[in-house]
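*Asks:* sharing a model prediction with you, sequence too.
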Amino acid sequence: MVQMKILGIETSCDETAASVVEDGKVMLSNVIASSMDLHAQYGGVIPEIAARSHIEVILPVIEEALATADCTWDDIDAIAVTRGAGLGGSLLIGVLTARTLAITHNKPLYGVNHVEGHVYANFLTATPLPDYTMRTAQPVFPTLAIIVSGGHSQLVLFRDHFDYTLLGRTQDDAIGEAFDKVAKIVGLPYPGGPNIAKAAERGDALAYALPKAKVGKYDFSFSGLKTAVLRLAQAQIGETYQFPSIKLPERLNEAQKADIAASFQHVAIETIVDKAKLAFDEFGPKSVVIAGGVAASQELRRQLLNVIPIPIEFPDLKLCTDNAAMVATLGYFHASKGQPVADPYRLAIEPNLSM
Ligand code: KG4
Ligand code: ZN
């Protein structure tokens, strides 16, 4: 066992985050400053606003992560930073900051993949911090990872660290994106996921039959579902497909909104769970993990437990959405499994980085 404390830095979207994780499993700090409130009024993340917010808060966020972990720079063995995927301007702030700190404090630097990072939230098993419900054990390989976020929807089979196969992915919208778009149709604020979930509690998930796309065995498609919701909402108020979606919220009543939210959530989640079950049956993984913002969905957790015949441990809700603890954890495995160290004078961002 390599004893190491890693400082993780994450700025791929609207969260500025820093965290210190020990030995790839003990979360000593997890600091997140979000510019979400600044974006909510626009119904989505505005890249320029996100980048400016990162610049304003990144150093205090890192200072707080070190202080909460009771660490000085001498205690930090390496720095891990998200280099992609994400918004270019946002990634740049994190990567340039990490590069500068790696040079001035003479620390090894690792550039990590944000989407892979989400999976590593499942490797955190302990924390002295209050208010977290941690997994009791790390996943065992082979592991089936269900990655569902605002930018990604994919099924990945991990045989080991850094040895994985992408089984399938979305052909168009990510599932989180679909939640965000459907939220707009029924007049709920950004981010759509948690707001749809709340509205769905008052609705009937079987009120409306919505379609599941026919795509490759382990692939997904959510753009057709989003359009079906739009047509359904227009039909419910007796209008045609030409009726502007922006005026739908004022015409739909609360019961209709709740039923649309519940029916959409049910089908969108079932689409993911159907394919996860297929993959489970074909590959017989020892662990199944969920990762990414939509992994916070209680409906996803409920449906998975119904169909997957092995016990599943879920990450704390706060570790599903963007954070730096997952980045520090993945960084630990980069360092301990001999992944190449990045050149702090050259590490580049990769906004379109895929797994
Ligand atoms: O992973 P994440 O924080 O950012 C990306 O890397 O994309 O994911 C954000 C996404 C948003 O689309 C948000 O609507 C969705 O996660 N989300 C949820 C829930 N909480 C967040 N979707 C469904 N149910 C939730 N409870
Ligand atoms: Zn993310």
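*Replies:* In hand now; what should we look at? Ligands and ions are numbered 1, 2, ... in the order given.
*Asks:* the longest helix along the chain close to ligand 1?
*Replies:* As assigned by DSSP state H, the longest helix anywhere in the chain is helix 254-283. No - Helix 254-283 does not reach ligand 1 (CB under 6 Å from any ligand atom); its nearest approach is 7.4 Å. (Each C-beta comes from the backbone N, C-alpha and C, glycine too.)
*Asks:* which helices and strands sit right next to the helix or strand that that helix is followed by?
*Replies:* Per DSSP states H and E, the first helix or strand lying C-terminal to helix 254-283 is strand 287-291. Using 3 or more CB pairs under 8 Å, 6 or more residues apart in numbering; DSSP states H and E, the elements in contact with strand 287-291 are helix 114-120, strand 143-148, helix 298-307.
*Asks:* now the element after the second one, going C-ward?
*Replies:* For strand 143-148, the succeeding helix or strand toward the C-terminus, using DSSP H and E, is strand 153-160.
*Asks:* angle of that following strand against helix 254-283?
*Replies:* Strand 153-160 runs at 30 degrees relative to helix 254-283, counting by axes from the mean of the first three to the mean of the last three CA atoms, to 10 degrees.
*Asks:* so the next helix or strand after strand 153-160 versus helix 254-283, what angle?
*Replies:* Next helix or strand after strand 153-160 toward the C-terminus (DSSP H and E): strand 163-169. Relative orientation of strand 163-169 and helix 254-283, computed by the same axes, to 10 degrees: 140 degrees.
*Asks:* quickly run through the sheet partners of strand 163-169, with directions.
*Replies:* strand 153-160 (antiparallel) (DSSP bridges).
*Asks:* quick check: mean pLDDT of the partner strand?
*Replies:* Averaged across strand 153-160, pLDDT comes to 98.
*Asks:* off-centre distance for that strand?
*Replies:* Relative to its chain's centre, strand 153-160 lies at 15 Å (CA atoms, centre = their mean, to the nearest Å).
*Asks:* can you pull the buried residues of that strand?
*Replies:* Residues of strand 153-160 classed as buried by neighbour count (16 or more other CB atoms under 10 Å): 153, 154, 155, 156, 157, 158.
*Asks:* how near is residue 243 to ligand 2?
*Replies:* Using CB to the ion, to the nearest Å, residue 243 is found at 34 Å from ligand 2.
*Asks:* er, residue 244 I mean
*Replies:* 31 Å.
*Asks:* ok so, going back, need the buried residues of strand 153-160 in JSON lines with distance to residue 102, can you?
*Replies:* Formatted as JSON lines, the buried residues of strand 153-160 follow (distance: CB to CB, whole Å):
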{"residue": "153", "distance to residue 102": "33"}
{"residue": "154", "distance to residue 102": "30"}
{"residue": "155", "distance to residue 102": "34"}
{"residue": "156", "distance to residue 102": "29"}
{"residue": "157", "distance to residue 102": "33"}
{"residue": "158", "distance to residue 102": "28"}
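*Asks:* including mean pLDDT, distance to residue 319 and mean neighbour count, could the helices and strands packed on strand 287-291 go into TSV?
*Replies:* Formatted as TSV, the helices and strands packed on strand 287-291 follow (pLDDT from 0 to 100; distance: least, CB to CB, whole Å; neighbours: other CB atoms under 10 Å):
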stretch	mean pLDDT	distance to residue 319	mean neighbour count
helix 114-120	98	9	27
strand 143-148	98	14	26
helix 298-307	98	14	16
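*Asks:* reformat the ones you listed as TSV; add distance to ligand 1.
*Replies:* TSV is the format used below for the helices and strands packed on strand 287-291 (distance: least, CB to the nearest ligand atom, whole Å):
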stretch	distance to ligand 1
helix 114-120	6
strand 143-148	8
helix 298-307	7
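*Asks:* and the chain, which residues reach ligand 2?
*Replies:* Contacts of the chain with ligand 2, taken as CB under 5 Å from the ion, map to 149, 322.
*Asks:* give me every residue in the chain lying close to ligand 1.
*Replies:* 13, 149-151, 176, 179-180, 191-194, 197, 292-294, 296-297, 321-322.
*Asks:* in this protein, which helix or strand is least confident?
*Replies:* helix 36-40 (a mean of 81; mean pLDDT, DSSP states H and E).
*Asks:* right, and the helix or strand after that helix?
*Replies:* Following helix 36-40 toward the C-terminus (DSSP H and E): helix 47-68.
*Asks:* go through stretch 339-348 and flag the buried ones.
*Replies:* Applying 16+ other CB under 10 Å to stretch 339-348 flags 339, 341, 342, 344, 347 as buried.
*Asks:* can you tell me which two in these are farthest apart?
*Replies:* In the buried residues of stretch 339-348, two members sit farther apart than any others by CB to CB. They are 339 and 344, at 15.5 Å.
*Asks:* looking at the stretch 101-250 of the chain, which residue is nearest ligand 2?
*Replies:* residue 149 (4.5 Å; CB to the ion).
*Asks:* that residue contacts residue 119, doesn't it?
*Replies:* No - between residue 149 and residue 119 there is no contact under CB atoms under 8 Å: 10.9 Å.
*Asks:* tell me, what's touching the two both at once?
*Replies:* Common neighbours of residue 149 and residue 119, counting by CB atoms under 8 Å, 6 or more residues apart in numbering, are residue 291.
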